[in-house]
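In: Provided below for reference: sequence and predicted model.
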Amino acid sequence: MSTTVPLVYSEEVREALHERRPVVALESNVITHGLKYPHNAETAHRVEAAVRKGGSVPATICVEDGAIRVGMTERDIERFASETGIPKVSSRDLPVVLARGGRGATTVASSLVAAELAGIPFFSSAGLGGVHRGAETTMDVSSDLIQLTRSKVAVVCAGAKMILDLKLTMEYLETQCVPVISYGSDDFPAFYCASSGVRSPHRIDDEDLIARVVATHWAAGHPGGVVLTTPPRAEDAVDPAEAEAAITDALARAERDGVSGQGLTKYLMHAVDKATGGRTAQANMAVLISTAEVGGRLAAAYARHLAEQD
Ligand code: PSU
Ligand code: MN
């Protein structure tokens, strides 16, 4: 018998997919590693509510008992939010955790793998991983970017995390033929700041046109995803100078403490949160929620587009 990846769907997600209603996949690493308890649990629920407000069904992804869970229950989310020691599972860790019968929290990259397997063409998170500052010597480039070239999933986000080198991140996406479409802004957003200072290659404010772009990308035979950005709302955004100062400080600390590799993103995000007195963590939560609502709307537009084709 051939090997298959076990997928366990929540009833709501299974029904929605069966009826071809729009679904938005969500990561769980932001619950275990991005935010602190109880804010992580509360935010995860508010993110799901925002996807619904946008007109889609949320499917938060994780790995448990060696299976990919597609649609975590309220109790699953509470456990992942409050327990310590749940590992971060990126794409390359996924086969190990699955085959061992283990559990873990999925990053953007591994959530894209799961979403494609589950037949969910849309995913939402606040900030993509990307090319880290100093990557020319460390070679630290998030698997999120590589997975985007391999999974046919549209990723709705507020750009990439500001702790990264956003110029290089954009270069990488261009080199790898990943379309970047900005909804509601001319510039590629920087997670909790409205602009990264890098202009987006395309701005489209018409949701139905975005749906057609996504469908056309796949109709053209492209094996990868599409990045759809939406900026933070003005009232949630952090002052870029304040954020940049905190990031510079966090990068110096990381170097002094010898932090690199898998734990770097979490270390930097938390150091920046501390330096801004929790201002960036607050913005992170708000952006996760506002992005999810846009994700819900865009996934719904895509489902309408597919229905029109039938
Ligand atoms: N820490 C956060 N927020 C996040 C992440 C970490 O405060 O969102 C995550 C996301 O899950 C993203 C991952 O997919 O970090 C990227 O990690 P890396 O740069 O190691 O590839
Ligand atoms: Mn890395």
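Out: Arrived safely, thanks for sending. Bear in mind the structure is a predicted one, so any value in this text is a computation, not a measurement. Ligands and ions are numbered 1, 2, ... in the order given.
In: which residues in the protein form strands?
Out: For the chain, strands defined by DSSP state E occupy the ranges 7-9, 23-26, 57-64, 67-70, 88-89, 104-106, 122-124, 154-157, 180-182, 202-203, 226-229.
In: So which of these is nearest Ala44?
Out: strand 57-64 (6.5 Å; C-beta to C-beta). For glycine as for every other residue, the C-beta is placed from the backbone atoms N, C-alpha and C.
In: and that closest one, which residues are buried?
Out: Neighbour-count burial for strand 57-64 flags 57-64 (criterion: 16 or more other C-beta atoms under 10 Å).
In: Stretch 172-186 near ligand 1 anywhere?
Out: No: using C-beta under 6 Å from any ligand atom, stretch 172-186 never reaches ligand 1; the gap is at least 12.8 Å.
In: hmm, back to that, quick one: the buried residues of strand 57-64 as a markdown table, columns for pLDDT and distance to ligand 1 too.
Out: Converted to a markdown table, those look like this (pLDDT from 0 to 100; distance: C-beta to the nearest ligand atom, whole Å):
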| residue | pLDDT | distance to ligand 1 |
| --- | --- | --- |
| Val57 | 98 | 21 |
| Pro58 | 98 | 16 |
| Ala59 | 98 | 16 |
| Thr60 | 98 | 12 |
| Ile61 | 98 | 11 |
| Cys62 | 98 | 12 |
| Val63 | 98 | 13 |
| Glu64 | 98 | 17 |
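In: Which member of those is positioned nearest Glu174?
Out: Ile61 (27.8 Å).
In: doesn't Ser111 make contact with the closest one?
Out: Yes: here Ile61 reaches Ser111: they are 4.7 Å apart, a contact under C-beta atoms under 8 Å.
In: what's the overlap in contacts for the two?
Out: Here Ile61 and Ser111 have 25-28 as joint contacts, going by C-beta atoms under 8 Å, 6 or more residues apart in numbering.
In: Stretch 222-229 spans what distance, first to last residue?
Out: End-to-end distance of stretch 222-229: 20 Å, with C-alpha to C-alpha, to the nearest Å as the criterion.
In: contacting residues around that stretch?
Out: 112, 128, 148-159, 173, 176-183, 185, 188-189, 200, 210, 213-214, 217, 298.
In: all helices in the stretch 51-200 of the chain, in order from the N-terminus.
Out: Secondary structure of the stretch 51-200 of the chain (DSSP state H, counting those that start in this stretch): helices located at 74-82, 94-99, 108-118, 135-138, 143-148, 166-175.
In: Which pLDDT value does the model give Tyr192?
Out: pLDDT for Tyr192: 89.
In: Then Val47?
Out: Val47 is assigned a pLDDT of 98 by the prediction.
In: who's in contact with it?
Out: Contacts of Val47 by C-beta under 8 Å, 6+ apart are 26, 58, 60, 124, 288-289, 292.
In: Same question for Gly104.
Out: Contacts of Gly104 (C-beta under 8 Å, 6+ apart): 62-63, 86-89, 93, 97.
In: cutoff 6 Å now
Out: 63, 87, 89, 97 (C-beta atoms under 6 Å, 6 or more residues apart in numbering).
In: quick one, which of the helices of the stretch 51-200 of the chain is packed in tightest?
Out: Across these, the average number of neighbours (mean count of other C-beta atoms under 10 Å) peaks for helix 108-118, which reaches a mean of 26.
In: so what secondary structure elements neighbour that one?
Out: Of the remaining helices and strands, those touching helix 108-118 by 3 or more C-beta pairs under 6 Å, 6 or more residues apart in numbering; DSSP states H and E are helix 143-148.
In: what does the stretch 151-300 of the chain put close to ligand 1?
Out: Residues of the stretch 151-300 of the chain lying near ligand 1 by C-beta under 6 Å from any ligand atom: 262, 265-266, 269.
In: burial of Ile289, as a residue count?
Out: 21 (other C-beta atoms under 10 Å).
In: and the most centrally placed residue in the chain, what is it in contact with?
Out: Nearest residue to the geometric centre of the chain (C-alpha atoms, centre = their mean): Ser125, 3.2 Å. By C-beta under 6 Å, 6+ apart, Ser125 lies in contact with 27, 108, 157.
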